[in-house]
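Asker: Let me see the structure of the following:
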Amino acid sequence: MKNLILTTAALALTAGIAMADTVRMGTEGAYAPWNFINDAGEIDGFERELGDELCKRANLECEWVKNDWDSIIPNLVSGNYDVIIAGMSITDERDEVIDFTQNYTPPDPSAYVAMSDDVDVTSGVVAAQTGTIQAGYIAESGATLVEFSSPDETLAAVRNGEADAVLADKSFLAPIVEEDGDLRFVADEVPLGGGVGMGVRESDAELKEKFNAAIQSMKDDGSLNTLISKWEVSSTF
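Answerer: Coordinates of the predicted model:
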């Protein structure tokens, strides 16, 4: 999943929450089926349904906040919301700045999409969203990386010839490829990341444990696998 290139390592992690207050859930709202804005203008998707259920199980009052991906960690640290639930991979780099719950999905394979079967993803131009784990992989792969601020822009770059291919989560790309006859999967899938978890401030250990318990309860009763299968975001546990 996504791996934000961190520029906020020097920020002090001092913003905490009182457990009696409303917990603010920060998400991008631009990465279907994980999270997106529906026709009613509301945050929707796998993580909206999951987050609402986790809050219920943790006995927490929660509200949702939309935030752009490139500032999603800095704004958590600054206290603009209390939790990140936005398709965020658990990575060592991120863990230096924030903390994570246990994962609520296994790692989702990354995949290349192009408009031609003969694209060479090892030496060509490959698009990725800025600050993602895919962008980091491309930068080290020998291919030429072009970065964009939103996932839709990476696909536009392939369609207009600015990039030969895009690398992103397969769960994001699959419904788009199914609907667009000009796009197709190419090359091998790439296993990246350690699963997706909720990001919290390092000072919010109590909140982390509340969500850990809620996630574990959903794993134990099978409801998490049911939700994963419903939204087709990754393999099940």
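
Asker: which stretches of this protein form helices?
Answerer: Under the criterion DSSP state H, the chain contains helices at 46-57, 72-77, 92-95, 133-139, 151-159, 170-179, 205-221, 223-231.

Asker: okay, the ones you listed in TSV with distance to Pro109, mean neighbour count and mean pLDDT next?
Answerer: For glycine as for every other residue, the C-beta is placed from the backbone atoms N, C-alpha and C. Output for the helices of the chain, formatted as TSV (distance: least, C-beta to C-beta, whole Å; neighbours: other C-beta atoms under 10 Å; pLDDT from 0 to 100):
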stretch	distance to Pro109	mean neighbour count	mean pLDDT
helix 46-57	16	21	98
helix 72-77	23	21	97
helix 92-95	20	14	90
helix 133-139	11	23	94
helix 151-159	16	20	97
helix 170-179	5	16	95
helix 205-221	21	17	98
helix 223-231	14	16	98
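
Asker: can I get those helices in a markdown table with distance to Asp39?
Answerer: Shown next, in a markdown table, are the helices of the chain (distance: least, C-beta to C-beta, whole Å):
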| stretch | distance to Asp39 |
| --- | --- |
| helix 46-57 | 14 |
| helix 72-77 | 24 |
| helix 92-95 | 32 |
| helix 133-139 | 29 |
| helix 151-159 | 17 |
| helix 170-179 | 16 |
| helix 205-221 | 28 |
| helix 223-231 | 17 |
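
Asker: Tell me which of the ones you listed lies nearest to Gly26.
Answerer: Gly26 lies closest to helix 72-77 among the helices of the chain, at 6.2 Å (C-beta to C-beta).

Asker: for the closest one, packing partners?
Answerer: Where contact means 3 or more C-beta pairs under 8 Å, 6 or more residues apart in numbering; DSSP states H and E, helix 72-77 is packed against strand 23-27, strand 83-84, strand 199-200.

Asker: Nearest to Lys66, out of those strands?
Answerer: Using C-beta to C-beta, the helices and strands packed on helix 72-77 put strand 23-27 closest to Lys66, at 6.6 Å.

Asker: Just checking: what are the partner strands of that closest one?
Answerer: Strand 23-27 has these partner strands in its sheet, going by DSSP bridges: strand 62-66 (parallel), strand 83-84 (parallel).

Asker: what separates it from the chain centre, distance-wise?
Answerer: Chain-centre distance of strand 23-27: 14 Å, with C-alpha atoms, centre = their mean, to the nearest Å.
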